[in-house]
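Q: Sequence first, then the predicted structure:
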Amino acid sequence: MVVLSLQVQATQFSLLPQRQPLRKPSTWYSIRCGIAEPSGEPAPFGQKTRYNDGFFEKAFMTLFARKMGKFAAPPKAGTDKKKEWWDYDYESFVDVSKRVMQGRSRIQQQQVVRQVLLSMLPPGAPAQFRKLFPPTKWAAEFNAALTVPFFHWLVGPSEVVEVEVNGEKQRSGVHIKKCRYLENSGCVGMCVNMCKIPTQDFFTNEFGLPLTMIPNFEDMSCEMVYGQVPPPFEDDPVSTQPCFSDICSMANPSSSLCHKLQA
């Protein structure tokens, strides 16, 4: 049913910068959903992309926001009006995420996201997923294809791309053109603690299908590679990433790295 709100087009794309996994130019299908920009593409870095969210997008935002709200700190005084089911939008979803971070360590933030994700699934779902999708090339490619239409509301437009996993080329990569979550939060710590690490951990350890996410903090794009085992946090380049000091309300300009990434 989600596809009712999608606009699909054939797209020609080229190689990403060298820090991204290898992929070759190819024609594939990309999802261009809810983008209100005249070009139909995300706004350039430094500008906020405009979206027209539909019924299904707002339903997902509301569902996740209400689930996460159970773990969030109280809103600021004067903004504590109780939200009804359809009062949520992307901004309020991001605000709930920020309040989840308050008073919690990096590990505790990730644990909250794990609990929220598990609460969205029926009992026994991870075990069933492992049976249906063992860690094979086919499973990695299938989940990459599913990611594009089902997570556009969270990360914005994306496309399936070819990547190299363990020396083998396969179409199990997802290139997120400009991550909506990172763009709206402006926070490196939220990207890493509330999205990248818990999502990697959930697929790798709960579902048994390795996933590595590689955010590019220079243009806010991101590469998801299904089938690739993620590195330990200490060996991941994101562990030394500084804050977006100009746009993040929680930034610590005096720190050489994002203080939200410290334990």
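A: Thanks, I have it. Numbers count the residues shown, from 1 in each chain.

Q: OK, contacts around the closest residue to residue 57 other than its chain neighbours?
A: Leaving aside its sequence neighbours, residue 57 sits nearest to residue 153 (Cβ to Cβ, 6 or more residues apart in numbering; 4.1 Å). Placement of C-beta: from N, CA and C, glycine included. Residue 153 sits next to 33, 34, 53, 56, 57, 60, 61 when contact means Cβ atoms under 8 Å, 6 or more residues apart in numbering.

Q: any chance of these in TSV, with secondary structure, distance to residue 67 and neighbour count too?
A: Supplementary listing: those in TSV, determined by DSSP: H, G, I helix; E, B strand; the rest coil; distance: Cβ to Cβ, whole Å; neighbours: other Cβ atoms under 10 Å:
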residue	secondary structure	distance to residue 67	neighbour count
33	coil	22	24
34	coil	22	22
53	coil	18	17
56	helix	17	19
57	helix	16	20
60	helix	11	18
61	helix	11	21
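
Q: So which of the residues you listed is the closest to residue 157?
A: The nearest member of the contacts of residue 153 to residue 157, counting by Cβ to Cβ, is residue 33 at 6.4 Å.

Q: contacting residues for residue 253?
A: Residues in contact with residue 253, defined by Cβ under 8 Å, 6+ apart, are 243, 245.

Q: Could you report the distance from it to residue 245?
A: 4 Å (Cβ to Cβ, to the nearest Å).

Q: ok, now residue 219?
A: 17 Å.

Q: and residue 218, that's in a helix?
A: No - secondary structure of residue 218, determined by DSSP: H, G, I helix; E, B strand; the rest coil: coil, with no helix assignment.

Q: what residues are up against it?
A: Residues in contact with residue 218 (Cβ under 8 Å, 6+ apart) are residue 45.

Q: Tell me who's in contact with residue 171.
A: For residue 171, the contacting residues are 28, 141, 144, 145, 160, 161, 162, 163, by Cβ under 8 Å, 6+ apart.

Q: Quick one: mean pLDDT for stretch 136-156?
A: The pLDDT scores in stretch 136-156 average 96.

Q: next one: stretch 58-68
A: Here the average pLDDT along stretch 58-68 is 93.

Q: Among the contacts of residue 171, name the ones in helices.
A: Counting by DSSP state H, the part of the contacts of residue 171 found in helices is 141, 144, 145.

Q: Can you get me a residue count around the residue lying closest to residue 120 once chain neighbours are set aside?
A: Spatial nearest neighbour of residue 120, excluding adjacent residues (Cβ to Cβ, 6+ apart): residue 67 at 6.9 Å. Residue 67: 16 surrounding residues under other Cβ atoms under 10 Å.

Q: Also the one 5 residues further on?
A: As a burial measure, residue 72 scores 17 neighbours (other Cβ under 10 Å).

Q: Need the three-state assignment for it.
A: coil.

Q: list the contacts for it?
A: Contacts of residue 72 by Cβ under 8 Å, 6+ apart are 96, 99, 100, 102.

Q: one more time with 7 Å, if that's ok
A: 96, 99, 100 (Cβ atoms under 7 Å, 6 or more residues apart in numbering).

Q: Which member of these is positioned nearest residue 137?
A: residue 100 (35.4 Å).

Q: distance of that closest one from residue 217?
A: 21 Å.

Q: more crowded one of those two?
A: Set residue 100 next to residue 217 and count neighbours by other Cβ under 10 Å: residue 100 wins out with 23 against 18.

Q: would TSV of the contacts of residue 72 with distance to residue 239 and pLDDT be doable?
A: Conversion of the contacts of residue 72 to TSV gives the following (distance: Cβ to Cβ, whole Å; pLDDT from 0 to 100):
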residue	distance to residue 239	pLDDT
96	25	94
99	24	94
100	21	95
